[in-house]
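**Q** sharing a sequence plus its predicted fold:
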Amino acid sequence: MDLFTKFGPDFPKQYLTQNKINFSNSESKKNTTKFNIVITGSDRVLKLENECDPINYSGISADGHLVSPIYHEITNDVFRKIKDDSNFLFVDPQGFLRRKDLQNNIFLEKTDLDLSNVDAIKVNPEESQNIVDGTHDEMMVALQKKGAKYVLLTNKENVSLLVKDKVYSIVLPNKQIHDTTGIGDIFCTAFLCTMLKEKDFLWALCFAGGAAQAALDSKNLGLQKIPSRGTIQTNASYFYNLVKFRDL
């Protein structure tokens, strides 16, 4: 795995090297982008505490790319370069939509996001409302029309996937939630890797849901919540038997 990011001297880069993650031109003299996060149930309030440098992308031959900015680190030019370079591109657009007020509180702003050459996108209702308009179904269709082949809408425990004219849905068990930070990253990574390996969007949906559920069940914080493959597969098999679908 090759990671294009920016982090400062405050980041434990040994975690990357220990897990054989390649990172080039990623270190900055500025501290890593950091938020103060207040969690209430499955909702979060973010306040920007530090902003690192933008990411440099030099190009790479890879089966797939996951673009998941958190705050302004991916410029439009870099995004275009990645799209031109990618065989399968998954986008989590939250960092493209985030802005800060005078007190550094984070909010989302309506953004004209170019989704041409994007294969898959994952949004929640608030994020999708800041890219397109309409009901949940209408927004998924609008995102599809903007270019995304696979549109994932996560609404708390409800997860929907639009492919062509059908919506496939799973429901994560409604359990006590401790920390949702990083769950979206785990979900997106699981979906992308499964699509690249299996070429099966339905199994990818269930595997991503299984990964998210396993991470939530762990009740761990930070990187410690990344689940084992066995636990993910058990959850994915459970979800696979419960998938609902409907025509749109």
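**A** Here it is on my side, so go on.
**Q** can you report how many residues lie near Glu109?
**A** Under the neighbour criterion other Cβ atoms under 10 Å, Glu109 is assigned a count of 9. The way it works is simple: take the backbone N, C-alpha and C, and place the C-beta from them, glycine included.
**Q** which residues in the chain form helices?
**A** Here the chain has its helices, by DSSP state H, at 14-18, 76-85, 94-97, 125-129, 136-145, 183-198, 201-218, 229-240.
**Q** list the helices and strands the fifth one packs on?
**A** Same thing as helix 136-145. Using 3 or more Cβ pairs under 8 Å, 6 or more residues apart in numbering; DSSP states H and E as the contact test, the elements touching helix 136-145 are strand 120-123, helix 125-129, strand 150-155, strand 158-163.
**Q** buried deepest among these, which one?
**A** Most buried of those by mean neighbour count (mean count of other Cβ atoms under 10 Å) is strand 120-123; its value is a mean of 27.
**Q** packing partners for it?
**A** For strand 120-123, the helices and strands in contact under the criterion 3+ Cβ pairs under 8 Å, 6+ apart are strand 89-91, helix 136-145, strand 150-155, helix 183-198.
**Q** grab the nearest non-local neighbour of Glu138.
**A** Leaving out its chain neighbours, the residue that sits closest to Glu138 by Cβ to Cβ, 6 or more residues apart in numbering is Val132, at 7.9 Å.
**Q** repeat for Asp85
**A** By the measure of Cβ to Cβ, 6+ apart, the closest residue to Asp85 outside its immediate chain neighbours is Gly59, 5.4 Å from it.
**Q** out of the helices of the chain, nearest to Phe4?
**A** Phe4 lies closest to helix 76-85 among the helices of the chain, at 8.4 Å (Cβ to Cβ).
**Q** and that closest one, C-alpha only, in CSV?
**A** Taking C-alpha atoms only, helix 76-85 is exported to CSV below (Å, rounded to 0.1, in the frame of the first residue of the first chain):
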residue,chain,number,x,y,z
ASN,A,76,-8.4,20.4,-7.2
ASP,A,77,-5.3,20.0,-9.3
VAL,A,78,-4.1,17.0,-7.2
PHE,A,79,-7.7,15.5,-7.4
ARG,A,80,-7.6,15.8,-11.2
LYS,A,81,-4.2,14.1,-11.3
ILE,A,82,-5.4,11.2,-9.2
LYS,A,83,-8.5,10.8,-11.4
ASP,A,84,-6.4,10.7,-14.5
ASP,A,85,-4.1,8.1,-12.9
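**Q** which residues are contacting that helix?
**A** Contacting residues not belonging to helix 76-85 are listed as 54-57, 59-60, 65, 67, 74, 89, 96, 114, 116-118 [Cβ atoms under 8 Å, 6 or more residues apart in numbering].
**Q** farthest pair in those residues?
**A** Asn56 and Ser116 (22.9 Å).
**Q** ok, the two, which is more surrounded?
**A** For Asn56 and Ser116, the more surrounded residue by other Cβ under 10 Å is Asn56, and the numbers stand at 13 against 9.
**Q** the more buried one and Val91, how far apart?
**A** Noted for Asn56: a distance of 19 Å to Val91, by Cβ to Cβ, to the nearest Å.
**Q** quick revisit: ok, the residue nearest to Glu138 touching Met139?
**A** Yes: assessed by Cβ atoms under 8 Å, Val132 is found in contact with Met139 at 5.0 Å.
**Q** what is the mean pLDDT for stretch 158-167?
**A** Stretch 158-167 carries an average pLDDT of 98.
**Q** how long is that stretch end to end?
**A** End-to-end distance of stretch 158-167: 12 Å, with Cα to Cα, to the nearest Å as the criterion.
**Q** please shift the residue numbers so they start at 707 in all later answers.
**A** In the new numbering, first residue 707, that becomes stretch 864-873.
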